[in-house]
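1. make a model of this:
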Amino acid sequence: MTQQLIVSASIRARKAALRAPRACSPVSSAAISRERVPARIARITLLQRALGNRRVAQLIRAGRLTPHGRIAGIERTRDRHAPDLERMLQRDTAQTEDMDKPATTTAASRHIQRRLIVSGSSEALVTEYLTLVGNASGLRLNWNFAQPRVTVGGNLPGAVPAADGRSNILSVINHPTQNAELHIGTNQPRVAVGAFPAGASTIQTIDMDDIRNLNAALPGQGTAKAFHEMMENFNAHGIGFGNFAASHARGLEAESDVLENQGIVGRRLSGGVAPTVIPAPPGQPTAPNITYLRQLQDFTHYFLEIIQRRTTGSPTGPGADFEVVSARRIPKVQVSQRTVDSFVSGSNAVPAAGNVVLATALADLNANPNSTLLIEGFADNVGTEAANRTTSRNRAATAQAFFVANGIAADRIAIVGRGETSFVATNANEAGRLQNRRIVMTVHRPGP
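-> All right, here's what the predicted structure looks like:
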């Protein structure tokens with residue numbers, strides 16, 4: 001089976017699109033006993049997506065759900081999208097019944113068969129997202145409410161702007177066992193550009209308004225983040241949603257690749273400096289429920305400064321609306337660069353003489369609260385290339401643990417294992433190999 005990228009979009013305007021005929025009667029216990037429970041649960045689940053858990057719970061308590069999971073006592077809306085949602089509900093209930101046969105399928109295979117329903121939002125938002133990533137990939141992507149899976153309709157004319165983006169999209173669409181699930185909206189609570197699934201959810205939420213604002217300030221930056229969110233979710237579907245760090249790393253890789261495809265030099269390294277509260281920027285609204293924050297994301301050649309407006313009491317749901325209002329690239333200024341060498345061959349234990357160097361680098365970080373640290377691990381040429389790459393990264397990770405244990409936020413630190421590269425001495429003798437078995441710690445702060 002060809003697995004396809006599943007995309008959803010969210011806007012409140014059509015949450016009321018689901019309606020049922022007046023003739024439907026309220027739920028009775030006898031009717032429930034005759035109903036195929038899995039099918040009814042499936043419809044209720046879809047209602048929860050459309051209306052929210054709280055509203056569905058109110059309807060159940062009021063006895064206003066029919067045996068088939070419809071809402072009783074409300075006329076059908078004249079909204080043109082109501083039939084679309086109703087057809088999707090009918091289709092997915094039927095698919096759920098098919099899947100509910102006495103089966104030998106595992107939990108993983110049932111997960112692969114699930115569908116993401118477009119729960120009453122505008123086609124414009126989904127089209128905007130797919131046009132953005134499709135144009136970057138040189139692909140014409142097809143999608144509609146009746147079939148929310150994305151398919152490739154053909155190639156766009158001309159050169160492909162982001163070859164890695166194209167490879168990523170095709171790997172998702174053509175993967176035989178793995179999904180990516182995206183929920184496209186605007187001004188969604190607690191979503192700044194994108195949000196990793198929480199709780200039992202497997203759906204990545206993406207705010208198109210934030211991507212627009214990033215691209216308006218820095219063309220291509222928002223496009224790269226659109227791929228980041230997709231590939232982060234895709235990776236989580238493969239390894240599980242309990243390992244955010246690994247999936248986030250895959251997202252960073254995809255983001256960096258697409259940036260470089262577009263000629264924007266600099267790869268994303270780490271989370272960077274945590275957001276700090278700042279005064280309202282000129283021209284931005286102020287109110288008791290509005291707060292502005294400055295975030296610095298760490299890239300190899302610059303810091304990405306993102307100014308975010310957080311508004312509590314979001315009209316789209318509980319929590320605050322996190323909105324990107326501006327962005328710029330800030331040059332990096334090197335504070336210090338320090339080296340610890342003479343690691344034992346194959347070992348990641350920091351030599352005793354290196355502890356003083358670690359302490360000095362720690363002082364550099366504490367003296368510059370907006371600074372970040374890049375730790376690069378290196379190896380000699382003894383052993384296999386793969387083993388040396390692993391050993392070099394482990395050396396960097398050991399140093400990272402020292403800084404975290406001494407109060408430096410993990411997001412301020414990026415580690416890289418360079419393996420048997422960038423030798424500073426000969427590998428023909430032990431004295432030279434000792435110099436090559438090293439870590440290099442570079443502290444940067446943002447420039448003006």
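
2. switch to C-alpha atoms for all contacts and neighbour counts from now on
-> Fine.

3. now the strands for the chain?
-> Taking DSSP state E as the test, the strands found in the chain are 6-10, 139-144, 147-155, 181-185, 194-195, 204-207, 268-278, 290-299, 302-311, 321-340, 372-378, 413-419, 439-446.

4. closest to residue 234 out of the ones you listed?
-> strand 181-185 (7.5 Å; Cα to Cα).

5. now for that closest one, which elements pack on it?
-> strand 6-10, helix 123-137, strand 204-207, helix 221-239 (3 or more Cα pairs under 8 Å, 6 or more residues apart in numbering; DSSP states H and E).

6. tell me which residues touch residue 373, please.
-> By Cα atoms under 8 Å, 6 or more residues apart in numbering, residue 373 lies in contact with 365, 412, 413, 414, 441, 442, 443, 444.

7. between those, which is nearest residue 175?
-> The nearest one, if we look at the contacts of residue 373 relative to residue 175 and count by Cα to Cα, is residue 414, at 30.7 Å.

8. look up how far residue 307 lies from the residue nearest the centre of the chain.
-> Taking Cα atoms, centre = their mean, the centroid of the chain lies closest to residue 229, which sits 3.5 Å from it. Separation of residue 229 from residue 307 (Cα to Cα, to the nearest Å): 19 Å.

9. domains of the chain?
-> Split into domains by automatic domain parsing, the chain comes to 1-14+119-264, 15-113, 333-446.

10. for the closest residue to residue 157 other than its chain neighbours, grab phi and psi.
-> Of all residues not flanking residue 157 in the chain, residue 138 sits nearest, at 7.4 Å (Cα to Cα, 6 or more residues apart in numbering). With angles defined as degrees, to the nearest 10, residue 138 sits at phi 70, psi 30.

11. please enumerate residues in contact with stretch 203-221?
-> Residues contacting stretch 203-221 (Cα under 8 Å, 6+ apart): 125, 129, 180-188, 191-197, 222-223, 225-226, 229-230, 233, 259, 262, 323-328.

12. one more time with 6 Å, if that's ok
-> Outside of stretch 203-221, the residues within contact range by Cα atoms under 6 Å, 6 or more residues apart in numbering are 181-186, 193-197, 222, 324, 327.

13. follow-up on the earlier one: closest one to residue 287 among the helices and strands packed on strand 181-185?
-> Nearest of the helices and strands packed on strand 181-185 to residue 287, taken as Cα to Cα: strand 204-207 at 22.7 Å.

14. quick check: can you name the pairing partners of the closest one and their directions?
-> Strands adjacent to strand 204-207 in the sheet, as given by DSSP bridges, are strand 181-185 (parallel), strand 194-195 (antiparallel).

15. quick one: pLDDT of residue 118?
-> The model reports residue 118 with a pLDDT of 32.

16. from residue 398, how far off is the spatially closest residue to residue 267 that is not a sequence neighbour?
-> Distances taken as Cα to Cα, 6+ apart put residue 256 closest to residue 267, at 4.8 Å, once the chain neighbours are dropped. Using Cα to Cα, residue 256 is found at 25 Å from residue 398.

17. hmm, back to that, I'd like the strands of the chain written out as JSON lines, with distance to residue 387 added.
-> Output for those, formatted as JSON lines (distance: least, Cα to Cα, whole Å):
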{"stretch": "strand 6-10", "distance to residue 387": "38"}
{"stretch": "strand 139-144", "distance to residue 387": "39"}
{"stretch": "strand 147-155", "distance to residue 387": "40"}
{"stretch": "strand 181-185", "distance to residue 387": "35"}
{"stretch": "strand 194-195", "distance to residue 387": "35"}
{"stretch": "strand 204-207", "distance to residue 387": "35"}
{"stretch": "strand 268-278", "distance to residue 387": "23"}
{"stretch": "strand 290-299", "distance to residue 387": "27"}
{"stretch": "strand 302-311", "distance to residue 387": "31"}
{"stretch": "strand 321-340", "distance to residue 387": "20"}
{"stretch": "strand 372-378", "distance to residue 387": "11"}
{"stretch": "strand 413-419", "distance to residue 387": "8"}
{"stretch": "strand 439-446", "distance to residue 387": "16"}
